[in-house]
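Mind folding the following:
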Amino acid sequence: MDTEQIKIEQEKLSETIKVIKQILITEKEKLKKLEDNFIGEREDLWKMVAEREVHIKNIEYSEENPYFARIDFRDISSQTEQSIYIGKNGIIDDSKIVVVDWRAPISSLYYDSEIGECHFTAPEGEIYGTLKLKRQFDISSGVLNNYYDVDLVSNDDLLQKYLNNNNDQRLKSIVSTIQKEQNEVIRKKIHENLIIQGVAGSGKTTVALHRIAYLVYNYMKNIRQNQFLVIGPNPIFLKYIKSVLPELDVSGVTQCTFEQLVDVYVNEPINISDSDKKLSLSIAGKINNDIDKFKCSMKYKVMLEQFLSTFIDSLTQKPLTLGDFVVLNKEIITKNFKDTNSDYSLDLRIEQTIEKLNRFIVEHQDSIISRYNNYSFEIFKDIKSEEEKTIMRKKFAKDLENIKKGCRSILRKYFASSNTSTTKLYKLFISTINNYDLFNYNNLKELQANTLTNLKKQVFDFEDLAALLYIKKNIFPNRKFNNIRNVVVDEAQDLGEFDFWILKEILPSATFSIFGDLAQSIYDYRSINNWDQVNALMFNNNAQIINFNKSYRTTAEIMEVADGVAEYINLSPASLVVRKGNDVTFSQVDDNNIPNYIKEKIEEFKDKGYKTIAVISKTNLLSCYINDDLKEIGLNVPNITLNDNIVDQEFSICTISNQLAKGLEFDAVIINNASEEIYSSRSTLDMKLLYVALTRALHELDIIYTNNLTEPLARKIAMLKDREKRKV
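Down below sits the predicted model:
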């Protein structure tokens, strides 16, 4: 490191921080004036204040870490050379760019280009030139600790330093260490549909969030933040990422689980059962998984399609009448209805049909009135009492007035049977499902009985949700979702083919970035088998499927053990980023002594400076049991449930199940009992659950087992011991 260069860069840093301090003073003054002088609705003020506070928080971050890189670029067309400092947030002082935002087009040179000739895509077109310098900075609390002149971002000491950070620091510094293959995905155009298959720890979630941040920044003139949608696997995961998005200058993006999306879209009272309870039953072999697989298949969609077609046809199977008088026969009504666009939703088709029939009646009112007069004469001539004649005259006059107006109100009553609900229609479908068994499905009787039992209690399984969306979309769609322009789906491997298909249908204006790992599909009894299925269903095979094969999360020692489990079930191992750490420890512990062992191990990890430590059990029930056992010996740590906030400080040490740990990461992990009895090597699902648990650890992994260790881990121990013998 050049001493003179250090001095120059430290002076630049001090100068930049001085400018930022002044900007910060100005912004806080603006906030105070806004609060003091605002005239209007209080809700509007609160929204504006919240946005300003996030902006100020980002500037405060920049005060201590204004930038992480510098590039020197010579523009070939203007023959000018400039030094560009790149930061997490762009800093502008009186229209002068002090720090360039990492999302700006020119910043792509830092992530993608080597020293020498290069180009980047700007709004005005391709800009060509020469990259003269690429420099990374290690800055903390306003002090320049070091700098690195590099060629590619992936070949630097700063990446290793980042990977060795504790969990709470990793996402805060990620923008400085985004790798080339990750950056390519982040900066894809918004109109491109992407499917990313990434091994555990390959940065899928990080890339997903930074892609949202990039798109928000670069399309802010045309797309509002609330037109972006993130779909995550569970509320715990959403809370985890919610703490990250504001730091990326993204605060208005909609975030939900698939279940929450259904709840909002269907907009009817529905009670969705706990998927984790079903997973526990599945693990225990107590439910017929084939039914769940069938409900998430396109065959189920075809049966629903047939049901809806029958239901819709039934709407026009009677004439339009005024009393006993036939205004229109059913053939005319059916023809006009079928002439509407069948691609439209039912409510829109009915509106169009009512308008067409209304015009038809008005245009043919003379002939209809003539028929009605004949009809009324025949009735009237048989009436004897004057009182009854008076009543009938009023009725006839009212009917004639209706005909002259086109019978609009009568038409609305005619189609009133279409004003049902999504849930009622689904119950009707299940009740009559035998009429639509196009595939001779063997378990149809059991499917019907189980589903009706749930529906009587207003309970819907996850596997029913695609069907609810399909009915809602076709009968009375929720059109407010039409404005969503881009969707990120994370942990997507747990969705079925019907789920993917209907997402595309209910979000017609959106493009998708789908992130997942087939090795972690713990709900594999309902999920897709490969990404080609998704590409064909959603995008007509026009999406780009991208593989992330490098794991940046774990050490080489941890990933080698996890890969042993993946290979056992014929899945590909990760192409590891080499980061050495401590060996994985395998500890055979007596069942009664497990709580004491875990308590001692947690203290050991804490002494090493680890801030996030998780005890991961196979199921929620086992997680509750070990948590109770730990409390009995004086260790009070939270057991994570769906209602908890994983990012709270008090949850830095916790017990958690495999299901809820998926997508999260911890400095150190203790696997609570990896015995063959718990994780059966004969069960692909068990092996995927174990793989998920193993790959949550950043730095250290301790595997407890009683009796016999599960087969793939036992093989791994034998292999490691044999390797050590050969070294000796």
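
which parts of stretch 701-720 are buried?
701-706, 709-716, 720 (16 or more other Cβ atoms under 10 Å). Just so you know, the C-beta spots here come from the backbone N, C-alpha and C atoms, and that holds for glycine as well.

now swap in stretch 327-336 and tell me
327, 328, 332, 333, 336.

Also stretch 65-73?
Neighbour-count burial for stretch 65-73 flags 65, 66, 67, 68, 69, 70, 71, 73 (criterion: 16+ other Cβ under 10 Å).

rewinding a little: in the buried residues of stretch 701-720, find the pair that's most separated.
Based on Cβ to Cβ, the longest span within the buried residues of stretch 701-720 runs between 706 and 720 and measures 20.5 Å.

Show me the strands in the stretch 201-350 of the chain, by range?
Assigned by DSSP state E, counting those that start in this stretch, the stretch 201-350 of the chain shows strands spanning 228-232, 254-257, 271-272, 320-322, 325-328.

Would you mind listing where the stretch 351-500 of the chain has pLDDT under the threshold?
The stretch 351-500 of the chain contains no residues with pLDDT under 70.

Surely residue 64 is in contact with residue 144?
No - Residue 64 is beyond contact range of residue 144, at 11.8 Å (criterion: Cβ atoms under 8 Å).

the more surrounded of these two?
More crowded of residue 64 and residue 144, by other Cβ atoms under 10 Å: residue 144, with 17 against 13.

Surely the more buried one is in a strand?
Yes - checked against DSSP: H, G, I helix; E, B strand; the rest coil, residue 144 lies within a strand.

so of the strands of the stretch 201-350 of the chain, which one's packed in deepest?
Ranked by mean neighbour count, the strands of the stretch 201-350 of the chain are led by strand 228-232 with a mean of 24 (mean count of other Cβ atoms under 10 Å).

Give me the contact list for the helix or strand encompassing residue 428.
Per DSSP states H and E, residue 428 falls inside helix 422-431. Residues outside helix 422-431 that contact it (Cβ atoms under 8 Å, 6 or more residues apart in numbering): 266, 268-270, 303-304, 307-308, 311, 436, 448, 451-452, 455, 458, 460, 464, 467-468, 471-472, 475-476.

got the end-to-end distance for stretch 517-534?
Criterion Cα to Cα, to the nearest Å; first-to-last residue distance in stretch 517-534 is 13 Å.

Now do that stretch: distance to the chain's middle.
15 Å (Cα atoms, centre = their mean, to the nearest Å).

For residue 229, name its beta-bridge partners.
Judged by DSSP bridges, the bridge partners of residue 229 are residue 254, residue 487.

low-confidence ranges in the stretch 51-200 of the chain?
In the stretch 51-200 of the chain, residues with pLDDT under 70: 152-174, 176.

Just the strands from it, written as ranges.
69-75, 80-87, 91-93, 96-101, 116-122, 125-140, 143-149, 194-198.

Of these, which stretch is the most buried?
Buried most deeply of the strands of the stretch 51-200 of the chain, by mean count of other Cβ under 10 Å, is strand 194-198, with a mean of 23.

how distant is that strand from the center of its chain?
Mean-position distance between strand 194-198 and its chain equals 13 Å (Cα atoms, centre = their mean).

element containing residue 542, please.
Under DSSP H and E, no helix or strand contains residue 542.

Can you report how many residues neighbour the residue lying closest to it once chain neighbours are set aside?
Counting by Cβ to Cβ, 6 or more residues apart in numbering, residue 542 lies nearest to residue 193, which is 6.8 Å off, once chain neighbours are set aside. By other Cβ under 10 Å, 20 other residues sit near residue 193.

ok, residue 193 - contacts?
Contacts of residue 193 (Cβ under 8 Å, 6+ apart): 511, 512, 513, 538, 539, 542, 543, 544.

ok, it to residue 694 distance?
According to Cβ to Cβ, to the nearest Å, residue 193 stands 32 Å off from residue 694.

swap in residue 444?
From residue 444 across to residue 694, the span is 39 Å (Cβ to Cβ).

Counting neighbours, go ahead and name the busier of those two.
A side-by-side neighbour count of residue 444 and residue 694, using other Cβ under 10 Å, places residue 694 first with 26 against 17.

Not counting sequence-adjacent ones, nearest residue to that one?
Using Cβ to Cβ, 6+ apart and skipping the chain neighbours, the partner closest in space to residue 694 is residue 562 (4.2 Å).

The one you found contacts residue 555, doesn't it?
No - at 10.7 Å, residue 562 does not count as touching residue 555 under the criterion of Cβ under 8 Å.

So if I had to pick from the two, which one is more boxed in?
Shown here are residue 562 and residue 555; by other Cβ under 10 Å, residue 562 has more neighbours (29 against 24).

Centre of the chain to the helix or strand containing the more buried one, how far?
Element membership for residue 562 (DSSP H and E) is helix 556-568. What separates the centre of helix 556-568 from the centre of its chain is 27 Å, taken as Cα atoms, centre = their mean.

got the contact list for it?
Identification of contacts with helix 556-568 by Cβ under 8 Å, 6+ apart yields 200-201, 519, 551, 554, 572-574, 576, 578-584, 681, 687, 690-691, 694-695, 697, 700-701, 703, 711-713, 715-716, 719.

what bits of the stretch 601-728 of the chain have low per-residue confidence?
Applying pLDDT under 70 to the stretch 601-728 of the chain picks out residues 643-651, 727-728.

which residues of it fall in helices?
Along the stretch 601-728 of the chain, counting by DSSP state H, counting those that start in this stretch, helices occupy 620-632, 658-661, 684-694, 711-727.

Please identify the most buried of the ones you listed.
Highest mean neighbour count among these (mean count of other Cβ under 10 Å): helix 658-661, a mean of 26.

Convert the C-alpha atoms of it to CSV, please.
Output of helix 658-661 as CSV, limited to C-alpha atoms (Å, rounded to 0.1, in the frame of the first residue of the first chain):
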residue,chain,number,x,y,z
ASN,A,658,-35.9,-26.4,9.9
GLN,A,659,-39.0,-25.0,8.3
LEU,A,660,-38.6,-21.5,9.8
ALA,A,661,-34.8,-21.5,9.5
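
and it, what does it pack onto?
For helix 658-661, the packing partners by 3 or more Cβ pairs under 8 Å, 6 or more residues apart in numbering; DSSP states H and E come out as helix 275-283, strand 613-617, helix 684-694.

For residue 89, find the nearest of the ones you listed.
Closest to residue 89 of these is strand 613-617 (Cβ to Cβ; 31.4 Å).

partners of the closest one in the sheet?
The pairing partners recorded for strand 613-617 under DSSP bridges are strand 653-657 (parallel), strand 666-671 (parallel).

Show me what it is in contact with.
By Cβ under 8 Å, 6+ apart, the residues outside strand 613-617 that reach it are 598, 602, 605-606, 623, 625-626, 630, 637, 652-658, 661, 664, 666-673, 693, 696.

where does it sit relative to the chain's centre, distance-wise?
Centroid separation for strand 613-617 versus its chain: 24 Å, with Cα atoms, centre = their mean.
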